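Asker: Sequence and predicted structure below; questions after.
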Amino acid sequence: MSTVGNLSENLEDYLERIFDFVEAHGFAKVSDIAKLKNVKMSSVNSAVQRLTKEGLVVHDRYRHINLTGSGLKLAAELKRRHVVIKDFLTEVVGVRDSIADKDACGIEHHVHPETVNKLIKYSNECRSDSKELIPLTQMKSGEHGTVKALEGGDQFANKLASLGIRIGKRITKISSMVLRGPVVISINRRHVAMGFGMAKKILVETE
Amino acid sequence: MSENTKRILLMGNPNVGKSVIFSRLTGVHVAISNYPGTTVEFAKGYMLLDGEKTEVIDVPGTYSLSPSSKAEEVATKMVRDGDIIINVVDSTNLERNLYLTLSLIGLGHPMVVALNMWDETAHNGVSIDPNELSSCLGQPVIPTTAVTGEGIKELAVAISSAAAIKAVGDQTDEEKWSSIGEILSKCQTLTHHHHTFLQRLEDIAIKPVSGLLIALIILAAGFWITRFVGEGLINYALDPFFNSMLSPLLMKLSHILRPGSLVHEIVIGKLIGGTIDFKQSFGLLTTGIYIPFAAVLPYIISFYLVLGLLEDVGYLPRVAILLDNLMHRLGLHGYAIIPNLLGLGCNVPGLLATRVLESTRERFIASTLISIAVPCAALQAMIIGVLGERGMRYIAIVYGILFITWIAIGALMNRFVKGFSPTLFIEVPPLRWPSPHMFFKKFRMRISGFLKEAIPILLLGILIVTILYSFGIFNYLAGLAAPLVKGVWGLPPDAASAIIIGFLRKDVAIGMLTPLSLTTHQLVVACTVLAMFFPCIASFTVLLKELGTKLMLLSSGIMISVAVLVGWIVNLIMP
């Protein structure tokens, strides 16, 4: 039984995958989710139907799925738990990345909010000696830094990797436009431009 | 063609020079620019491989084998049908490029890696050992500088001896990145390099204040050069040639054909005040050649000189960054400015370029905006020609109306078209000095493209005008359309004929306004309506192909409503 809403573990998982695609492309497609989860399109369709009934997702005539306000809130909460648990497993406990990710996927559906909060507090205490991470948007132009964390799913990470942005890469911020405009960074001696929302989810340790 | 013709695929990340290599191998000319997404549809050519005719395909660039835009989809679908792959790699950005290389190796096709832009490695402080890289990858690796042709011969030799490899099976992403790390540590050394002039320019061109300033200077200079070259060609070369050389010759022909005869009507058209008026006579040999060669061609030349330069230098993606905020208000992201800018030359390549956009919604909005409010060079040339006589400010008014409409319709579509628009995420190409050879090749290709595609339709348009006039069909149509044309837009009913011909070519349509002797007020309304009303047949075909019937009909509905509405408003409020 889930602790966030009244969704089954399976549906929560679908919601998270939709969230990942929405983050990367602005919308999710049934075929993409089926491919990612390695299930039939019909299973995805019925899951999407149930999520629609719950008022968590909507789809338009191009069969693009997007999250409603409450869907977004729930998915973000699930994601946050995932990240918290995964970070705890990797950074505090020292579990390998791929295993931590898998375990976090399981644990996140069953954990009480209080446990999550305590985990955050504990992780932060353990980490307090290391440097603080800031989002790319808060870096100053001309500053150098190393990408330390990505606040998004696999889809987001893959999209960034296509232009060379991965965890551990050194980058230099070149500029950012006013009014939450795009951010330009230099990576591998190349300039890459990205929207403000995307840059906000890239966490950097500055030098 | 025999069934077993071999097929070579040119594959690689966007903007690494696949099209240049393609054109070197096959001799086929394709558009080449310095920004990601120039090639949105595959091009096909042939080369001789061991004396055998072999198909070569220029595949749109892709970062991975899981596509994120329509152009990338084309690429990933093509992979299956290839016999040999030439993986074109940007030597100055090896790490990122190798990701696709490893994915391609996983497929097991015979493959050759072209280490392109080899000439740029030195001043970027990059040094690569091609032999070591070849043994790391297990594939032949050939350094090339496609722009100068260096290494192309060696590449051709390597293709003919490329053999099938055993498919290694797909690695996971993590495995790929760790092998890339290993490969790089063995094959590549990076040294410190000093920023060149262009690299310093790259930095200031995307800072908010200096970037905007540079953009404004470039915009102003672009307009000025386009006008200066276009007007110069017309005033000092083409008008004198037509008036003092061609006119006397055609007058002789006119006497032979006898004015008033049907042949005279078709070939020479009407005599205005006893002589030929290239703008009003409307014969095949008078207005029919004056419009394409003397009125439109000069501006096509000047526009593509400026655009080609900006494309090859690599400036355009910087405009996309500067305008990203504005474009989001129109339901697009910054990169959509590039299809719109291309549309200022001709709407067809502009519409095709919308394929670089990720979602159907964006493609619909961008295509509709281009069709309504982005006037092609031919249309602009005619507007300048016809309206310029009444004063420059009227041209400015038409441009102003089009721009406001562009913004307003974009904002409305952003509000009402369902779906989602992703954020901007692009690689910004380095600024480069253009290669004159490549520059003029593209320029020639565009000019001859205009002449070959525009002139037949244009002459057909003029012929139809003459025929419809002589049989009185236009008068009948004018009567039918009078409530709209006269009642709503305040134009003489005869202007209906121009709007109908506008479906064939807009330049001819604007040309048809001259004999109507409109007031300046009417001329502004007519030019605005014609610019917006309906795309010419060439754009219409592309629109249908790209959007599908349903969305095309929706887009056309928006176009017609906007043209009717804006024409009405302009008629009401303009003094």
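Answerer: Ah, there it is. Residues are numbered from 1 along each chain as shown, chains lettered A, B, ... in the order given.
Asker: In the chain, where is pLDDT below threshold?
Answerer: Let's take chain A. The model of chain A has pLDDT under 70 over residues A:1-5, A:127-131.
Asker: Switch to chain B, please.
Answerer: Using pLDDT under 70, chain B drops low at B:1-4, B:164-170.
Asker: In it, what residue lies closest to chain A?
Answerer: In chain B, the residue that lies nearest chain A is residue B:423 (2.9 Å; C-beta to the nearest C-beta). (C-beta placed from N, C-alpha, C; glycine too.)
Asker: SS state for the most centrally placed residue in chain A?
Answerer: The centroid of chain A falls nearest to residue A:152 when counting by C-alpha atoms, centre = their mean (1.6 Å). Three states are possible here, and by DSSP: H, G, I helix; E, B strand; the rest coil the one that applies to residue A:152 is coil.
Asker: Strands along the stretch 101-250 of chain B, start to end?
Answerer: B:111-116, B:126-128, B:141-143, B:188-190 (DSSP state E, counting those that start in this stretch).
Asker: Mind giving me the packing neighbours of whichever helix in chain B runs longest?
Answerer: Ordering each helix of chain B by length in residues (DSSP state H) puts helix B:537-573 first. On a contact count with 3 or more C-beta pairs under 8 Å, 6 or more residues apart in numbering or on different chains; DSSP states H and E, helix B:537-573 meets helix B:347-353, helix B:360-373, helix B:392-416, helix B:436-470, helix B:520-533.
Asker: please redo it, this time with the cut-off set to 7 Å
Answerer: helix B:347-353, helix B:360-373, helix B:392-416, helix B:520-533 (3 or more C-beta pairs under 7 Å, 6 or more residues apart in numbering or on different chains; DSSP states H and E).
Asker: tell me which residues in stretch B:424-440 are buried?
Answerer: B:424-431, B:434-435, B:438-439 (16 or more other C-beta atoms under 10 Å in any protein chain shown).
Asker: for stretch B:437-456, that is, sorry about that
Answerer: B:438-439, B:441-443, B:445-446, B:449-450, B:454-455.
Asker: same question, stretch A:31-49
Answerer: Neighbour counts over stretch A:31-49 (16+ other C-beta under 10 Å) mark A:32-34, A:36, A:44, A:47-48 as buried.
Asker: Near chain A, which residues of the stretch 201-350 of chain B are found?
Answerer: Within the stretch 201-350 of chain B, the positions near chain A by C-beta under 7 Å from any C-beta of the partner chain are B:202-203, B:206-208, B:321-322, B:324-325, B:333-334.
Asker: Give me the phi and psi for residue A:192.
Answerer: phi -130, psi 130 (degrees, to the nearest 10).
Asker: tally of neighbours for the nearest residue to residue B:551 once chain neighbours are set aside?
Answerer: The spatially closest residue to residue B:551, leaving aside those adjacent along the chain, is residue B:364, at 5.5 Å (C-beta to C-beta, 6 or more residues apart in numbering or on different chains). Residues near residue B:364, counting by other C-beta atoms under 10 Å in any protein chain shown, number 25.
Asker: dump the residue contacts of residue B:364.
Answerer: B:417, B:547, B:551, B:555 (C-beta atoms under 7 Å, 6 or more residues apart in numbering or on different chains).
Asker: how about a cut-off of 8 Å?
Answerer: Residues counted as contacts of residue B:364 (C-beta atoms under 8 Å, 6 or more residues apart in numbering or on different chains) are B:413, B:417, B:547, B:551, B:554-555.
Asker: Tell me where chain A has helices.
Answerer: Using DSSP H, the helices assigned to chain A run over residues A:9-25, A:30-37, A:41-53, A:69-87, A:97-107, A:113-127, A:154-162, A:196-200.
Asker: in the fifth one, what's buried?
Answerer: Think helix A:97-107. Going by neighbour count (16+ other C-beta under 10 Å), the buried part of helix A:97-107 is A:100-101, A:104-105, A:107.
Asker: The first one now?
Answerer: Of all the residues in helix A:9-25, those buried under the rule 16+ other C-beta under 10 Å are A:11-25.
Asker: What number of residues are in the vicinity of residue B:542?
Answerer: For residue B:542, using other C-beta under 10 Å, the count is 21.
Asker: wait, it sits on residue B:354?
Answerer: No - Residue B:542 is not in contact with residue B:354 according to C-beta atoms under 8 Å; the separation is 9.8 Å.
Asker: Residue B:368 contacts residue B:416, correct?
Answerer: No - counting by C-beta under 8 Å, residue B:368 does not reach residue B:416; the two are 11.8 Å apart.
Asker: For the residue in chain A that chain B sits nearest to, give me its contacts.
Answerer: Using C-beta to the nearest C-beta, the closest approach of chain A to chain B is made by residue A:195 at 2.9 Å. Residue A:195 makes contact with A:182-183, B:324, B:333, B:423-425, according to C-beta under 8 Å, 6+ apart.
Asker: And residue B:187, how far from residue B:448?
Answerer: Here residue B:187 is placed at a distance of 43 Å from residue B:448 (C-beta to C-beta, to the nearest Å).
Asker: Sorry, slip of the keys, the one I care about is residue A:22.
Answerer: Taken as C-beta to C-beta, the span from residue A:22 to residue B:448 is 46 Å.
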